[in-house]
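Engineer: fold the following and give me the result.
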Amino acid sequence: MYRKFLRSKIHRATVTQADVDYEGSLTIPPNLLQAADIRPYEAVHVWNVTRGTRVETYAITGVEGSTDICANGAAAHLIQPGDIIIIATFAFVAEAEEMPAVEPRVVFVDAGNKMVQLDTEVAGPLRRAAIERAADCC
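Structural biologist: Down below sits the predicted model:
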């Protein structure tokens with residue numbers, strides 16, 4: 001049996017652009033894709049913290065050095081500039097073989113989409129303490 005697990009996420013990114021006329025996808029800066037281990041054209045879930053909407057699309061690589069995150073195509077109806085989003089990927093894991101190895105990679109960004117911390121998933125109130133301990137990593 002396989003189970004679906006969180007593999008990685010970019011936490012609380014700020015959308016800088018939305019283009020409903022583009023074919024579709026979510027443009028993400030290359031350094032954030034690499035930090036979150038998201039490949040170009042890989043499926044991503046986008047959870048809009050601002051509006052409460054969710055959409056699945058795919059990642060495309062943005063411009064090197066940019067901090068732009070752009071919702072493209074139909075997703076641009078649900079995701080607008082200024083919205084705070086969480087971008088997540090999942091993996092199907094064989095229950096008996098690989099489950100102990102599941103440890104999501106979490107990329108934390110500031111309001112300008114610059115990476116401030118690379119960590120694993122930490123439950124609720126423990127997150128604040130972890131952030132305060134990690135002065136600056138990146």
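
Engineer: if you average the pLDDT over stretch 14-22, what comes out?
Structural biologist: Stretch 14-22 shows a mean pLDDT of 96.

Engineer: scratch that, stretch 56-66 is what I was asking about
Structural biologist: For stretch 56-66, mean pLDDT is 96.

Engineer: pull out the buried residues from that stretch.
Structural biologist: Buried residues in stretch 56-66, counted by 16 or more other CB atoms under 10 Å: 57, 59-62, 66. C-beta: built from backbone N, CA, C; applies to glycine.

Engineer: pLDDT-wise, which helix or strand of the chain ranks last?
Structural biologist: Within the chain, confidence by mean pLDDT, DSSP states H and E is lowest for helix 124-133 among all helices and strands, at a mean of 60.

Engineer: max pairwise distance over the buried residues of stretch 56-66: which two?
Structural biologist: The largest separation in the buried residues of stretch 56-66, counting by CB to CB, is between Thr57 and Ser66 at 18.7 Å.

Engineer: contact partners for Ile28?
Structural biologist: Ile28 sits next to 10, 38, 59-62, 69, 87 when contact means CB atoms under 8 Å, 6 or more residues apart in numbering.

Engineer: relative to Val93, which of those is nearest.
Structural biologist: Nearest member of the contacts of Ile28 to Val93, counting by CB to CB, is Ile38, at 17.4 Å.

Engineer: I'd say the closest one and Thr89 touch.
Structural biologist: Yes: counting by CB atoms under 8 Å, Ile38 does reach Thr89; the two are 5.7 Å apart.

Engineer: the more surrounded of those two?
Structural biologist: Ile38 (26 against 20; other CB atoms under 10 Å).
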